[in-house]
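Enquirer: Whatever this is, show me its structure:
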Amino acid sequence: MQANKWQFLAAVAGLMVSLNAGAQETGGGFGSPGRIVISADASASLGYATYGNSDAGFFTLEPSADYFIKQNLSVGTALRIRALFGDADATAIGLNVRGGYNIPIGDRVSVWPKLGLSLNLGDEELLPLGNVLPTDSTLVFDAYAPFLFHLGSNFFVGGGPRLELGIGDDVGVVFGVFTTVGGHF
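Expert: Numbers count the residues shown, from 1 in each chain. Have a look, this model is predicted:
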């Protein structure tokens, strides 16, 4: 009976050491393998704009999730929800797939360039920029390079240049500075 007790304790200790080693392997800071990042790119924005003879308010929300498959190498997706209201009511939804690479600059700063491809579906005006993307479904190439400021062990804010290029006939280009906020675990 005593031998079984020691065998059981040895097995539990071995299991605890294995679990601890696995946790350390996926632990670490931003960009470590196994990290999941939840963020809002071009975060929830609410605004009002005038274009020519029409006025429009707009709302954009882009929640996203990324996973680091190797050190600093990520794959992810984002859901784009956009709505225009006023003289030109329109709604759109899109799905983005992307890959990125985190480049640490210091202890609390990094740049995380990402390249993606989106399929946007919706009414004629998909962006609050007045007929920039005039078709009901649009394929969009996206390049975004936010500088991240890691304010805590699992929280960051950032911003940087973003380029969106519609692929196909009669589509436009959007270039601007966008923001992001998120966390990782």
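Enquirer: Around L79, count how many other residues there are.
Expert: Using other C-beta atoms under 10 Å, L79 has 13 neighbouring residues. Any C-beta I mention is one placed from the backbone N, CA and C, and that applies to glycine too.
Enquirer: in the sheet, who's paired with D41?
Expert: Going by DSSP bridges, D41 is paired in beta bridges with T180.
Enquirer: Just to check, it is in contact with Y144?
Expert: Yes - between D41 and Y144 there is a contact under C-beta atoms under 8 Å: 6.8 Å.
Enquirer: Can you pull the residues that touch both of these two?
Expert: Both D41 and Y144 are contacted by F178, under the criterion C-beta atoms under 8 Å, 6 or more residues apart in numbering.
Enquirer: more crowded one of these two?
Expert: Between D41 and Y144, counted using other C-beta under 10 Å, D41 has the larger neighbour count: 27 against 23.
Enquirer: Quick check: the gap between the more buried one and S153.
Expert: According to C-beta to C-beta, to the nearest Å, D41 and S153 sit 21 Å apart.
Enquirer: low pLDDT regions in the protein?
Expert: Residue ranges of the chain with pLDDT under 70: 1-28, 42-58, 86-88, 123-136, 169-171.
Enquirer: What segments of it are strands?
Expert: Applying DSSP state E to the chain gives strands spanning 36-41, 45-51, 54-61, 63-70, 73-86, 90-101, 103-104, 109-111, 114-122, 137-144, 147-150, 155-167, 173-184.
Enquirer: need those in TSV with distance to F30, can you?
Expert: What follows is these, written out as TSV (distance: least, C-beta to C-beta, whole Å):
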stretch	distance to F30
strand 36-41	8
strand 45-51	24
strand 54-61	23
strand 63-70	8
strand 73-86	10
strand 90-101	12
strand 103-104	8
strand 109-111	7
strand 114-122	14
strand 137-144	16
strand 147-150	6
strand 155-167	7
strand 173-184	6
